[in-house]
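Trainee: Got a predicted structure plus its sequence, pasted below:
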Amino acid sequence: MKRLFRCCAAMLMVSAWLALFFAAANSTAVAKTIEMLDGRVELGGVPLDGANVVLYATKGPDPAQRIVTVTTTPEGSFRIFDVAIPDDAVAYLVVHDKTRPIALLSILGQAVPDQVVVNELTTVASAFTAARFIDGESISGNPLGLRIAAGNAPNLVDPTTGKWGEVLLDPINSTENTTLARLNTLGAMITAFGTIADDEWRKAFLKAATPTDGSTPKDTLGALAGIARTPWANPKPLYDLFDKAYPRPNDGSRRSAPFVPYLAYSPPDFAMMLKFAGGGIYSAGKICFDAKGNLWSGQNWMAGSQSGVIRNIGGGTVKLAPNGTSLSPPIVGFTGMGVDGIGWGTGVTLDKVWVTSFNGSIGVMDFDGKPVASESDFPMAGKTGNLMGVGVAGNGDVWIADGTKDQLLHFPGGSVKDGRVVTVEGLKSPFGIAIDAQNRVWVSNSQSDTVVRFAANNPSKSESFRAGIGVRGVNLDSKGNLWVVSNMSLNFPPPQVPKGTSIMKQFQMVLEYLAPKLSGGKTTGVANMIRPDGTQPEPMGFTGGGVVNVPWGVSIDGNDDVWIGNFWGRGVVLMAGDETKGHRDGTKTGDAIHVFQSGSIQMVTDVAIDPAGNAWVANNWNNVAAAGEADPARQTSTWGGGDGIVCIYGVAAPAKTPVMGQARAAN
């Protein structure tokens, strides 16, 4: 009877399994199978025995799906096999120690490898690239942002080995910034938490890892996610804990930390930054993203050239994949349609990329970089001056600023053949363009102290608003507030630039004018916020307490906070937006929350936010003498332009791309 019962039970189980199998097979949900995943878990280089390893899948804003849980052997190994996850999902592993509040993380992405190592370094890398999506051990958010986060984690740490990633090891990163040392220092603190630290140290670590807008974490994964979310919050207390865990010997020899190199000094923040080069990157102007998160940027000058404001060879258009891989041709970038050198003129619509040239040419290409028109297709061909900014409206209209003829070009719906020249009163070397939800066009005047606004259907009636001097980048937050940055403050004596002066000559004159005036640590420049009704909460502009210094570009993230390309300040300023949330108590609109600087960040024009909350930074200039002198030193004559684009991981609220009209949060 017992044998019969067991047989019947077995048959029922098989029947139930077959029913589930065929139900899954007939389901509209597409799944992929992980046939075999072999892994190892380490802490301090020692296998972690008896730990629970949880495989998750995530693909959107709903909480991540727990797929399977396994336990590590005494050798720290585990195996997962024959499990299905949604085809479009990002897979990741969370490891829990059986007795201590130690949790480790590794994001595996959509293509799950056959072998993985989960350790302190994978935890740091994954926590920073997915900083905006981690809630406890669940990772969720906008689908594109999740894929971008997963694609960037291997740049820092290889999930198959648990060792440093290929991009981090590139000499432009391993020796030019402190990201490697920061990664190792944070990894060492996870090690200390689970090995040599006492209860007092662990409590202090969790407190120091608390993000500005969150609660005290309960384990090491929560701690790293907190640090990654606001890496500027408590850098000194964190470094002091590292110093306490691994004290520097009196004889100055190496610390006992498990990963080298480590930080030798307390950092200004623990942000993770990587620089990307290649694909024609050199003197990047404006940065834009397409709907898939690819980065596009026009280059002032050609990579490898001895270009500056006096002698130059124009650059092309570069494209980077969401993980920073260059997708454009080396040195020259994408070219065509007569474009030779691109200033502020890069714009992306839902189906095309628009660039403008110093020589008056306009380039329109598909997302493979192929021109979709010819020079003669433009009705105003041969009738334009040095072209600058590209503005894209929510309805697909494209507007272009003519910086030397004081006019605009309008392409309804992005139609090349329907383009026309638009004359607007009050333009003086127009530079940046933004179009609000009321279809009003905002234009900055680089040779004035004003921003001009007019209804797109009635350009003959315009109004002007005062900002700073030398008005540059503009962008609209989700409320319709215009944020605009100006090179100089209103109380700063303006340079005299004759009408019609070429853009490069303008740059030369402004450089020669500013350089002696900004010696000895002096600063100038402001950010202004102009409300939809035209009022300004701070008419003289925000300076962030003096940290804003000759700003050039401005972007808005998904929280409506403001990101400024701080040209002369060689960095990026994060500024509180219009009564935005998630900051320290007492933070007001226009307050500087943090300034990001690095050996990899040079003289910045633009900073833009992608759907994963990464801030991408355009290095436009590097060596001022090489960029501005008529007879520069030959050893540094190729250093005039900035030599890369830098990504700061997970520091912003994810933004919807492409930016067409007002900023929006990614969803």
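Mentor: Received the coordinates, thanks.
Trainee: tell me which residues form a beta bridge with residue 454?
Mentor: Applying DSSP bridges to residue 454 gives these bridge partners: residue 441, residue 462.
Trainee: any chance you could map the strands in the stretch 351-500 of the chain?
Mentor: 353-356, 362-365, 387-392, 398-402, 407-411, 420-422, 430-435, 440-445, 450-455, 458-466, 469-476, 482-488 (DSSP state E, counting those that start in this stretch).
Trainee: Now render those strands as CSV, adding mean pLDDT and mean neighbour count.
Mentor: Backbone N, C-alpha and C define where each C-beta goes, glycine included. Below are those laid out as CSV (pLDDT from 0 to 100; neighbours: other C-beta atoms under 10 Å):
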stretch, mean pLDDT, mean neighbour count
strand 353-356, 98, 28
strand 362-365, 98, 25
strand 387-392, 98, 27
strand 398-402, 98, 26
strand 407-411, 98, 21
strand 420-422, 98, 15
strand 430-435, 98, 27
strand 440-445, 98, 25
strand 450-455, 98, 21
strand 458-466, 97, 14
strand 469-476, 98, 26
strand 482-488, 98, 28
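Trainee: contacting residues for the nearest residue to residue 156 once chain neighbours are set aside?
Mentor: Nearest residue to residue 156, sequence neighbours excluded (C-beta to C-beta, 6 or more residues apart in numbering): residue 125, at 3.7 Å. Each residue near residue 125 by C-beta atoms under 8 Å, 6 or more residues apart in numbering is listed here: 153-154, 156-157, 165, 183, 272.
Trainee: any idea how far residue 125 is from residue 33?
Mentor: 26 Å (C-beta to C-beta, to the nearest Å).
Trainee: Next: residue 359.
Mentor: Residue 359 is 55 Å from residue 33, by C-beta to C-beta.
Trainee: and what of residue 654?
Mentor: 30 Å.
Trainee: Settle it for me: which of those two has more neighbours?
Mentor: Neighbour count, other C-beta atoms under 10 Å: between residue 654 and residue 33, residue 654 has more, with 27 against 11.
Trainee: so what's the nearest residue to that one once chain neighbours are set aside up against?
Mentor: In space, and not counting its chain neighbours, residue 654 is closest to residue 666: 3.9 Å by C-beta to C-beta, 6+ apart. Residues counted as contacts of residue 666 (C-beta under 8 Å, 6+ apart) are 141-142, 144-145, 558, 611, 654-657.
Trainee: give me the number of residues near residue 39?
Mentor: So residue 39, with other C-beta under 10 Å, has 26 neighbours.
Trainee: a helix runs through it, doesn't it?
Mentor: No: counting by DSSP: H, G, I helix; E, B strand; the rest coil, residue 39 is not found in a helix; it is strand.
Trainee: just checking, it touches residue 117?
Mentor: Yes: the criterion here is C-beta atoms under 8 Å, and residue 39 meets it with residue 117 at 6.9 Å.
Trainee: What's the local residue count around residue 331?
Mentor: Using other C-beta under 10 Å, residue 331 has 16 other residues around it.
Trainee: And for residue 240?
Mentor: Residue 240 is flanked by 14 other residues according to other C-beta under 10 Å.
Trainee: Sticking with it, tell me its helix or strand.
Mentor: helix 235-245 (DSSP states H and E).
Trainee: which outside residues touch that helix?
Mentor: 185-186, 188-189, 192, 196-197, 201, 204-205, 207-209, 227, 257, 262-263, 265-270.
Trainee: would you put the C-alpha positions of that helix in CSV?
Mentor: C-alpha atoms of helix 235-245 as CSV (Å, rounded to 0.1, in the frame of the first residue of the first chain):
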residue,chain,number,x,y,z
PRO,A,235,33.7,60.7,2.6
LYS,A,236,35.9,61.7,5.6
PRO,A,237,34.2,59.5,8.2
LEU,A,238,34.3,56.6,5.8
TYR,A,239,38.0,57.1,5.1
ASP,A,240,38.7,57.4,8.8
LEU,A,241,37.1,54.0,9.3
PHE,A,242,39.3,52.5,6.5
ASP,A,243,42.3,54.1,8.3
LYS,A,244,41.2,52.5,11.6
ALA,A,245,40.6,49.1,10.1
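Trainee: Each with direction, which strands does the next helix or strand along the chain from that helix pair with?
Mentor: Sequence order places strand 273-276 as the next helix or strand after helix 235-245, per DSSP H and E. Here strand 273-276 is paired, per DSSP bridges, with strand 645-648 (antiparallel).
Trainee: Report the rounded mean pLDDT for the partner strand.
Mentor: The average pLDDT within strand 645-648 is 98.
Trainee: ditto for stretch 171-181
Mentor: 97.
Trainee: And the contacts of that stretch?
Mentor: With C-beta under 8 Å, 6+ apart, stretch 171-181 has contacts from 156, 164, 167-168, 261-264, 267, 272-275, 277, 598-600, 643-644.
Trainee: quick one: buried residues of the helix or strand where residue 83 lies?
Mentor: Assigned by DSSP H and E, residue 83 belongs to strand 77-86. For strand 77-86, burial by neighbour count (16 or more other C-beta atoms under 10 Å) applies to 77-78, 80, 83, 85-86.
Trainee: what does stretch 255-263 give?
Mentor: For stretch 255-263, burial by neighbour count (16+ other C-beta under 10 Å) applies to 255, 257-259, 262-263.
Trainee: Please apply the same query to stretch 206-217.
Mentor: Buried residues in stretch 206-217 (16+ other C-beta under 10 Å): 206, 208-212, 214, 217.
Trainee: Can you check the distance spanned by it, start to finish?
Mentor: Using C-alpha to C-alpha, to the nearest Å, the end-to-end distance of stretch 206-217 comes out at 6 Å.
Trainee: what does the domain assignment say about the protein?
Mentor: 36-153, 273-648 (automatic domain parsing).
Trainee: Among those domains, which comes closest to residue 251?
Mentor: Across the domains of the chain, the minimum distance to residue 251, taken as C-beta to C-beta, is reached by domain 36-153, at 24.1 Å.
Trainee: I'd like to know the average pLDDT value across that closest one.
Mentor: The pLDDT scores in domain 36-153 average 97.
Trainee: Between the two ends of it, how far is it?
Mentor: So domain 36-153: terminal residues 22 Å apart, C-alpha to C-alpha.
Trainee: try stretch 445-461
Mentor: Start-to-end, stretch 445-461 (C-alpha to C-alpha) is 17 Å.
Trainee: swap in stretch 478-490?
Mentor: OK, stretch 478-490 end separation, C-alpha to C-alpha: 27 Å.
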